[in-house]
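In: okay, here's the prediction I keep looking at, along with the sequence it came from:
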Amino acid sequence: MRLTEYATGGGCGCKLSPTLLRQLLQQANVIGGTMPENLLVGAATADDAAVWRMNETQAIIATTDFFSPVVDDAYDFGRIAATNAISDIYAMGGTPFLALALAAMPQELAPATIAAIFSGGQAQCQNAGVVIAGGHSIAAKEPLYGLAVIGQAHPDHVMTNAKARCNDVLLLGKPLGIGVLSAALKQQKLSATEYETMVSTTTQLNSAGMQLALLAGARAMTDVTGFGLLGHLAEICRASGVGACLNFSDIPKIAAAVTYAQNGVITGAAKRNRESVSEIMAADTPLADWQYNILTDPQTSGGLLFVCSPETVAAAQAIFLQHGQQAAIIGAFNSSGKIEVQAVC
């Protein structure tokens, strides 16, 4: 069997729908109530990680992320999963340094395959300066791999979803379309070149987040993963009490993913992601179905979504470039409380 054949989903497309997740957290009383003074970021703002202030100059950032295979190569799967988990620390403006591995593996999976998954994760952690100091594993019907990651930051430079302002600018660090490519891979349509694009994109570290958080005009930051661009942008809008206008033509997209999307290749998660943002979308949003599917496409190890003042854009783009990413300006924030997508805003 191919590794992806063991999985009912794949990558960040495995996530529960955003709407269901919010309902479950509310019912479990995870959202709401009084937070301890030192809990700087909890579940209320749908951020990428929790943040606990240790003292006046140190805060600990904690996150966890794991999923089923998005590719068939075991080593690549480990690298992608590790990159994705570490990204949550970067998205909070932190520096990752410690991780615990999480693994659930079918007993019929060859030991060499499992070892290759672990090796891929270990290699990517070394690239990021992260030490895997332990972990936990269980036997399961579906292979799952990921990390619990710890990072650190100065409390004054922690990024959240909740500080975007009207007229702030929105930048995106990686192109969209990973979910579409993963669906094409499962259908055995992906070419070798397209597969390389998929792997190189999903294993590119979002390390720019550590420096972006230090900019004077930095407002908010998250990474685009399982809820798609619109889903994660909606989290920023809700938490900050703002609306946003996007320029569809300015949003970076993987060319092959656009072609596949135009020919009907999509993920099941894109549909539920679209439903989850229906109430925040402007009524007159002029999008074709394939365009909506790109904007709600679940990204595995997607790019940083960075919010800053207009005066900070050039410095932010320079930082992205230092880390190997050409960040695009894709829109701006306003007071509408809605998300609209136009050719030109």
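Out: That came in fine, so what should we check first?
In: so where do the helices sit in the stretch 1-150 of the chain?
Out: Taking DSSP state H, counting those that start in this stretch, the helices of the stretch 1-150 of the chain run over residues 18-27, 74-91, 111-127.
In: of the ones you listed, which is nearest Ala213?
Out: Ala213 sits nearest to helix 74-91 of all the helices of the stretch 1-150 of the chain, at 8.9 Å, using C-beta to C-beta. In this view, the C-beta of every residue, glycine as well, is placed from N, C-alpha and C.
In: just checking, what packs against the closest one?
Out: Judged by 3 or more C-beta pairs under 8 Å, 6 or more residues apart in numbering; DSSP states H and E, the packing partners of helix 74-91 are strand 59-67, strand 95-105, helix 111-127, strand 144-153, helix 192-202, helix 209-212, strand 218-223, strand 304-308.
In: counting by contacts, list what the third one packs against.
Out: Other helices and strands packing on helix 111-127, by 3+ C-beta pairs under 8 Å, 6+ apart, are helix 74-91, strand 95-105, strand 131-139, strand 144-153.
In: closest one to Ser335 among the helices of the stretch 1-150 of the chain?
Out: Comparing these by C-beta to C-beta, helix 18-27 comes nearest, at 23.2 Å.
In: run through who's touching the closest one.
Out: Helix 18-27 is contacted by residues 15-16, 31-32, 43, 46, 227, 231, 234-235, 272-273, 275-277 when judged by C-beta atoms under 8 Å, 6 or more residues apart in numbering.
In: just the buried residues of these.
Out: Neighbour-count burial within the contacts of helix 18-27 applies to 15, 31, 43, 46, 227, 231, 234-235, 272-273, 276-277; the criterion is 16 or more other C-beta atoms under 10 Å.
In: flag the shaky bits of the chain, pLDDT-wise.
Out: For the chain, the stretches with pLDDT under 70 are 10-13, 33, 343-345.
In: pick the most deeply packed of the helices of the stretch 1-150 of the chain.
Out: helix 74-91 (a mean of 27; mean count of other C-beta atoms under 10 Å).
In: okay, the helices of the stretch 1-150 of the chain in CSV with distance to Pro155 next?
Out: Output for the helices of the stretch 1-150 of the chain, formatted as CSV (distance: least, C-beta to C-beta, whole Å):
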stretch, distance to Pro155
helix 18-27, 25
helix 74-91, 15
helix 111-127, 25
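In: out of these, nearest to Ala315?
Out: Of all the helices of the stretch 1-150 of the chain, it is helix 74-91 that lies closest to Ala315, at 17.3 Å by C-beta to C-beta.
In: name the residues of stretch 316-325 that are buried.
Out: Within stretch 316-325, the residues that count as buried by 16+ other C-beta under 10 Å are 316-317, 319-320, 323, 325.
In: ok, so of those residues, who is nearest Thr197?
Out: Compare each of those with Thr197 using C-beta to C-beta and the shortest gap goes to Gln325, at 14.4 Å.
In: for the spatially most central residue of the chain, give me its contacts.
Out: Centroid-nearest residue in the chain: Thr225, 2.9 Å away (criterion: C-alpha atoms, centre = their mean). With contact taken as C-beta under 8 Å, 6+ apart, Thr225 is in contact with 12, 15, 84, 87, 232, 298-302.
In: ok, Asn293 next?
Out: Applying C-beta under 8 Å, 6+ apart to Asn293 gives the contacts 180, 261, 266, 270, 274.
In: go ahead and list the helix or strand containing it.
Out: In the assignment (DSSP states H and E), Asn293 maps to helix 289-295.
In: buried ones in that helix, by neighbour count?
Out: Neighbour-count burial for helix 289-295 flags 290-295 (criterion: 16+ other C-beta under 10 Å).
In: can you map out the strands along the stretch 151-300 of the chain?
Out: 169-172, 218-223, 243-247 (DSSP state E, counting those that start in this stretch).
In: just checking, Gln262 touches Trp290?
Out: Yes. Checked against C-beta atoms under 8 Å, the pair Gln262 and Trp290 is within contact range at 4.9 Å.
In: from Pro96, how far off is Asn127?
Out: Asn127 sits 11 Å away from Pro96, going by C-beta to C-beta, to the nearest Å.
In: in the sheet, who's paired with the residue lying closest to Leu98 once chain neighbours are set aside?
Out: Once flanking residues are discounted, Leu98 sits nearest to Ile150: 4.3 Å by C-beta to C-beta, 6 or more residues apart in numbering. Applying DSSP bridges to Ile150 gives these bridge partners: Ala62, Leu98.
In: picking that back up, if any of the contacts of Thr225 are buried, give me the PyMOL selection for them.
Out: With 16+ other C-beta under 10 Å as the burial test, the buried ones among the contacts of Thr225 are selected in PyMOL as follows:
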select buried, resi 12+15+84+87+232+298+299+300+301+302
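In: dump the contacts of Thr225 to a markdown table, plus distance to Lys338.
Out: What follows is those, written out as a markdown table (distance: C-beta to C-beta, whole Å):
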| residue | distance to Lys338 |
| --- | --- |
| Cys12 | 25 |
| Lys15 | 24 |
| Asn84 | 29 |
| Ser87 | 28 |
| His232 | 16 |
| Pro298 | 22 |
| Gln299 | 22 |
| Thr300 | 28 |
| Ser301 | 29 |
| Gly302 | 23 |
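In: so which of the contacts of Thr225 is the closest to Leu215?
Out: The closest of those, once distances to Leu215 are taken by C-beta to C-beta, is Ser87, at 18.8 Å.
In: wait, that closest one sits on Ser301?
Out: Yes. Ser87 lies in contact with Ser301 (C-beta under 8 Å); the separation is 6.2 Å.
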